[in-house]
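>>> Everything below, folded, please.
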Amino acid sequence: QVRLVESGGGSVQAGGSLRLSCSASKTVFSINTMAWHRQTPGKQRELVALFRDNGSTEYTDSVKGRFTISRDYARNTVYLQMNSLTPEDTAVYYCYSDLWETDYGGKHDYWGQGIQVTVSS
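Coordinates of the predicted model:
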């Protein structure tokens, strides 16, 4: 079964930058949306940014102008460039995708294992 593998998290001071990456663990038939969500303790997981197959993107208001989502279709990879980070961005970030693993199966949702981003003041 395909997995989403995340990398690039870590700790940074406020005002710094990090770049998250997420790749499918194997070649799949087709990918629809790739996105990043985040979650802090006691709160619901929230959408941060998404990249649709048609190239359109969407961001939550709090990251507009600071975060950029991009996608490498050939590598089945999505990136999240995070600039001007603040302590409020501290969270576990999860990669998400809905995709067809094979041409004979249906479309399913997949989540990465989560990666910690910590921003200190």
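>>> Neighbours of Thr102, how many?
For Thr102, the neighbour count with other Cβ atoms under 10 Å is 10. Where C-beta positions appear, they are placed from N, C-alpha and C, glycine not excepted.
>>> list the contacts for Ala49?
Ala35, Trp36, Thr57, Glu58, Tyr59, Thr60, Val63, Phe67, Thr68, Ile69, Leu80 (Cβ atoms under 8 Å, 6 or more residues apart in numbering).
>>> helix or strand for the closest residue in space to it that isn't next to it in sequence, which one?
In space, Ala49 comes closest to Ile69 once its chain neighbours are excluded; the distance is 4.0 Å by Cβ to Cβ, 6 or more residues apart in numbering. Using DSSP states H and E, Ile69 maps to strand 67-72.
>>> Could I get the buried residue list for that strand?
Within strand 67-72, the residues scored as buried using 16 or more other Cβ atoms under 10 Å are Phe67, Ile69, Arg71.
>>> Which phi and psi values does the nearest residue to Ser62 once chain neighbours are set aside adopt?
Of all residues not flanking Ser62 in the chain, Glu88 sits nearest, at 7.3 Å (Cβ to Cβ, 6+ apart). Dihedral angles of Glu88 (phi, psi; degrees, to the nearest 10) stand at phi -70, psi -10.
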